[in-house]
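*Asks:* Fold the following for me, if possible:
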Amino acid sequence: MTEPDSWWSGAVGPEWRSHTWAAFSAAAPEDLVGQALSWAQEPAHTLYVRSASLRQAYGVALATARRAAESIADERGYSPHLFAVGVLDELSLPEDPDPAATAAARANPRREGWTSLDTRRQYLDNYAKPLERADLTLLRLPPRGDAERVLDQIADDRRNYLRPTVLAGVVLPHEFAATYGDGIATRFGFPRGDGTPAPRRTLTVLDLDGLSPA
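*Replies:* Residues are numbered from 1 along each chain as shown. Next up is the predicted model:
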C-alpha cells in the first residue's frame, strides 16, 4: 500500500492512530496476534473482537482492521472508500438535530409534512452511508442495543454486498441476539436468540478475556 497514512489517522482520530498493527503485534500475546492476522490477511464477513473492556476490544479491533485494510488495498488498490469507523456507542441525537434544516424543509411546498423526525432520520442515514459502503468498516458497538436503529441498516447493506466488517463490543457472543435482535445477529453471523445458528458460518470471534493484549 503506497498511500500516505492520512486514510488511517483521518478515520480513527488522533487518540487512536497509534494503535497500529506493528505496535499490537509487537506487544500482544502470540496466539492472539496469530488469530487476528489469520483474519486480517484475508478479511471476509465478520470479525467480532470482544472484551469486558470496550476500550481494550476497540484497540485490538483497530490494529486488526488496519492490517486488514492494508490487505484489501494490496489486492485491489487504494480507494477513498477503503476504511470507515463508526463509534456507535457515542451516537446520540436530540429529537431535532438541525432545527434550521427542519424549518427550511417545511417552507418547501413539496415538504409541508416534514417533521423533526424526518430530519433526524436523514441525519442518521447520512451517518450510516459511509459505514455501509466502505471496503472495510469498523464498528464500536453500544453495550445495550441499537437504540438509533443504525446498526440494523449497516448490517443489512454490508451483508448484501459481502463487505467485511470488524465489530468491537462487550456483549458475549451468545447474548448478541438478545442485545441487538435476531436480524442484526444473523446478518453478522451470530446465532439467533433461541440458539439457532446463522444460515452460514461467517463469524470469527476474538474474545480477549483471559489474555493481556496491549
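
*Asks:* Only C-alpha atoms from now on, for both contacts and neighbour counts.
*Replies:* Will do.

*Asks:* Three-state assignment for the closest residue to V85 other than its chain neighbours, please.
*Replies:* Spatial nearest neighbour of V85, excluding adjacent residues (Cα to Cα, 6 or more residues apart in numbering): L138 at 4.8 Å. With DSSP: H, G, I helix; E, B strand; the rest coil as the basis, L138 sits in strand.

*Asks:* Counting neighbours, what do you get for L138?
*Replies:* 28 (other Cα atoms under 10 Å).

*Asks:* Identify the residues contacting the one residue sitting closest to the centre of the chain.
*Replies:* For the chain, L139 is the residue whose C-alpha lies nearest the centre (Cα atoms, centre = their mean; 1.8 Å). Listed by Cα atoms under 8 Å, 6 or more residues apart in numbering, the contact set of L139 reads V85, G86, V87, L88, T165, V166, L167, A168.

*Asks:* Could you identify the buried members of these?
*Replies:* Among the contacts of L139, the ones that count as buried by 16 or more other Cα atoms under 10 Å are V85, G86, L88, T165, V166, L167, A168.

*Asks:* for the helix or strand harbouring D118, packing partners?
*Replies:* Here D118, judged by DSSP states H and E, is contained in helix 116-133. Using 3 or more Cα pairs under 8 Å, 6 or more residues apart in numbering; DSSP states H and E as the contact test, the elements touching helix 116-133 are strand 83-87, helix 99-107, helix 150-160.

*Asks:* make it 6 Å
*Replies:* helix 150-160 (3 or more Cα pairs under 6 Å, 6 or more residues apart in numbering; DSSP states H and E).

*Asks:* Can I get the helix it packs on as CSV, trimmed to CA atoms?
*Replies:* Only the C-alpha atoms of helix 150-160 are listed here, as CSV (Å, rounded to 0.1, in the frame of the first residue of the first chain):
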residue,chain,number,x,y,z
VAL,A,150,-28.4,2.5,12.6
LEU,A,151,-26.6,-0.9,13.2
ASP,A,152,-29.6,-2.7,11.6
GLN,A,153,-29.2,-0.6,8.4
ILE,A,154,-25.5,-1.0,8.2
ALA,A,155,-25.6,-4.8,8.9
ASP,A,156,-28.2,-5.3,6.1
ASP,A,157,-26.2,-3.4,3.4
ARG,A,158,-22.8,-4.9,4.3
ARG,A,159,-24.2,-8.5,4.3
ASN,A,160,-25.9,-7.9,0.9
